[in-house]
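# Just a sequence and a predicted model for now, questions to come.
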Amino acid sequence: MSTPSKTSRPPRPPSARLEAGGGPGPLAVHPKVFRDELAAAAEWVAGYLGQITERPVARPIPSAHRQDLAAGVLPQEGQDLEALLDFVDRAIAPYPTGNGHPAFFAWINSPPSPAGVIAELLATAINATCGMGEHALMDLERGVVRELASLAGMAVTTGGVLTSGGSMANLLCLGAARTWFLRCHDATDGPAYDRTHARLTAYHSDQAHMSVAKAAAVIGLPPWRLRTVPTTSDQRMDVEALQAMVEADRARGLLPFCVVSNLGSTAGGAVDPIEAITRVCRSQGLWHHGDGAWGGLGALVPELAPLYQGVADLDSLTVDPHKTLSVPVGCGAALVTDPARLRDAFAFRASYLDGDQDWPWMSDYTIELTRPGTRALTLWATLRQLGRSGVTDLLQHYQDLARYLRGRVQQHPTMELCNEGPLPVVCFRLADGPGTGLPDTRADLHTAVAARVQARGHAYLATVCHNGETVLRACLCNYLTTTADVDTLLQEVQSAVDHLRTA
């Protein structure tokens, strides 16, 4: 396992840490030490990212090491800053999930953009609380939210807030939808709230991300009032079934209030029929939320654009810049066509937090009060590194890689393609096991193959349930990935099959 070489540090001052008795507290360090350690860390980061292809895609964490990390035994005395880089180099970096490697295809995780890495450090040093008060990073957040909305093709009125990821964004949007519906029915408090809330009903397809069900539970919707709408053969929501379910629930005395559509399902990359679902929502008085955590910007890609007709008419949209844009992890977005509806749901007053009502604090749009400024600056920096055309080129790169992988699978004598897109996720299956010396069922075969590929460390993919069958799935969302990495993946799959046949 090769890790970046630590730089040799210059001689340290006589006292690396300033004594507490001299004025500064125990966290203070000598300015030269601080600069030297920052320089060493920057050199390490450049080496780590530059050498990523030379290391295994992933590496299991030894059981004893996991237990040591999780033990949480704090020493009595503090340590010098030099120990931090030593610890990361020894105990953390050798055990990656794998998503930074160009041969990682398991989940929709991306490596960090170069601009995002630098911006993360700068924003951390500034250490803004982007929830309350006045700070330039909060205004920058308003700007990048508008830029995301424009890239997605949403209405010009759209605003919103950056979040930790798609799960939080889905929660905020469902919370806004609930408050909007209750306000429309004059039922925001008291017995009217109890009566109305007890009948609220929402809808998503059978391909929805699990965070939608989690968000529904958090806002007080029991599972039986979160309806699962069947999908058609292409895994898109069956709009006729949706219409029938809404009408049946209304006839039973329930109150349908929201539909969540997929703008890129996690399992197969399907995009629901946006315009048709919106027509149902408008005719029935429902909020239409689009979960576009990884496919929300697809309208920029010419071959995908027809599927995104009607995005401007959505009430809200989730987008995760830390997926297809490679913003460092921890940056999602809740985009709402009328951002005042987010404020209606989440703005609360306190005597010690007297914000400017004409220029609202960002905490008014979310459940967080303390919020990091890293999200805004890393997104801004990544967008500036790319530009609008670069965003399109990046998304097209993923589409091209997926097309190449599909072609290779279709040409392979023992592999069969399971889906045709449209987004860059490829599901495929292998020949059955019985009589071939392989595991007896196809599900067992695919599980065993994925485990073998992961263990070898040359590539990484996972399994998924596709039309009731466990198959192999590869996601294309790494800007470093090339067709050579795709070839490596298929070679590793075949190698795993050969190993299982002779084991």
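Perfect, I can see it now.
# longest helix of the protein?
Ranked by number of residues, the top helix in the chain under DSSP state H is helix 374-411.
# Beyond that one, next helix or strand please.
Moving toward the C-terminus from helix 374-411, the next helix or strand (DSSP states H and E) is strand 415-417.
# strand partners of that next one, parallel vs antiparallel please.
strand 425-430 (antiparallel) (DSSP bridges).
# any idea how far the partner strand is from the chain center?
22 Å (C-alpha atoms, centre = their mean, to the nearest Å).
# got the angle between the longest helix of the chain and strand 425-430?
If you take axes from the mean of the first three to the mean of the last three C-alpha atoms, to 10 degrees, helix 374-411 sits at 40 degrees to strand 425-430.
# packing partners for helix 374-411?
Using 3 or more C-beta pairs under 8 Å, 6 or more residues apart in numbering; DSSP states H and E, the elements in contact with helix 374-411 are helix 114-126, helix 136-152, strand 159-163, helix 321-324, strand 415-417, strand 425-430, helix 483-502. For glycine as for every other residue, the C-beta is placed from the backbone atoms N, C-alpha and C.
# Would you mind giving these as CSV with mean neighbour count, mean pLDDT and distance to Tyr308 added?
CSV is the format used below for these (neighbours: other C-beta atoms under 10 Å; pLDDT from 0 to 100; distance: least, C-beta to C-beta, whole Å):
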stretch, mean neighbour count, mean pLDDT, distance to Tyr308
helix 114-126, 18, 97, 25
helix 136-152, 20, 97, 8
strand 159-163, 28, 98, 18
helix 321-324, 28, 95, 14
strand 415-417, 16, 94, 24
strand 425-430, 24, 95, 17
helix 483-502, 17, 94, 26
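# Can I get these in a markdown table including distance to His65?
Converted to a markdown table, the helices and strands packed on helix 374-411 look like this (distance: least, C-beta to C-beta, whole Å):
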| stretch | distance to His65 |
| --- | --- |
| helix 114-126 | 26 |
| helix 136-152 | 37 |
| strand 159-163 | 32 |
| helix 321-324 | 27 |
| strand 415-417 | 37 |
| strand 425-430 | 33 |
| helix 483-502 | 26 |
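# coming back round to it: list the buried residues in the longest helix of the chain.
Buried residues in helix 374-411, counted by 16 or more other C-beta atoms under 10 Å: 374-383, 385-386, 391-392, 394-399, 401-402, 404-406, 408-409.
# average pLDDT across that helix?
Mean pLDDT, helix 374-411: 97.
# Distance from the chain centre to it, please.
14 Å.
# about what we covered before: out of the helices and strands packed on helix 374-411, which gets nearest to Thr201?
Thr201 lies closest, by C-beta to C-beta, to one member of those: strand 159-163, at 24.9 Å.
# what comes into contact with whichever helix or strand Val246 is part of?
Assigned by DSSP H and E, Val246 belongs to helix 239-251. Residues outside helix 239-251 that contact it (C-beta atoms under 8 Å, 6 or more residues apart in numbering): 201, 203, 227, 229-230, 256, 259, 273, 276-277, 280, 284, 286.
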